[in-house]
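Q: I need the structure of the sequence given here:
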Amino acid sequence: MTENTEKLRTITGRVISNKMDKTVSVLIERMIKHSVYGKYIRRSTKLLAHDENNQCQEGDIVSIVSCRPLSKNKSFKLVEIVETAK
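A: The predicted structure follows:
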């Protein structure tokens with residue numbers, strides 16, 4: 001898997017829920033520019049990611065990578081915890 005990680009989609013986001021077993025909900029925020037007015041707008045996406053050891057806590061900044069579908073809604077795996085919550 002180390003050779004293919006360059007090709008896979010890697011995203012950084014914040015954990016907003018860890019209440020599920022081996023699954024975390026990650027909030028991805030991005031800024032887009034409005035096409036007419038030029039103002040920057042914050043858009044967000046919630047993704048479910050596989051956390052094998054249940055090591056993430058709410059508020060952690062994590063890095064996730066795309067993988068094969070693990071369930072109906074879960075197709076990302078946890079790569080690393082970039083920053084832990086205070």
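Q: What strands line up against the strand or helix carrying Phe76, and which way round?
A: Applying DSSP states H and E as the criterion places Phe76 in strand 74-83. Looking at strand 74-83 with DSSP bridges, its partner strands are strand 40-50 (parallel), strand 61-66 (antiparallel).
Q: which outside residues touch the last one?
A: Residues from elsewhere that reach strand 61-66, judged by Cβ atoms under 8 Å, 6 or more residues apart in numbering: 5, 8-15, 24, 26, 47, 49, 56, 75-83. To be clear about C-beta, it is placed using only N, CA and C from the backbone, and glycine gets the same treatment.
Q: on that earlier part again, single out the most deeply packed of the strands paired with strand 74-83.
A: Burial among the strands paired with strand 74-83, expressed as mean neighbours by mean count of other Cβ atoms under 10 Å, is greatest for strand 61-66, which shows a mean of 18.
Q: Mind checking the pLDDT average for that one?
A: Taken as a whole, strand 61-66 has a mean pLDDT of 96.
Q: Extract the C-alpha set from that strand and format it as PDB.
A: Extracted C-alpha coordinates of strand 61-66, given in PDB (Å, rounded to 0.1, in the frame of the first residue of the first chain):
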ATOM      1  CA  ILE A  61      -7.200  16.700  13.200                       C
ATOM      2  CA  VAL A  62      -6.700  13.600  11.100                       C
ATOM      3  CA  SER A  63      -5.500  12.500   7.700                       C
ATOM      4  CA  ILE A  64      -7.700  10.000   5.800                       C
ATOM      5  CA  VAL A  65      -7.100   8.200   2.500                       C
ATOM      6  CA  SER A  66      -9.600   6.700   0.100                       C
END
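Q: Quick one: residues contacting Leu8.
A: 65-67.
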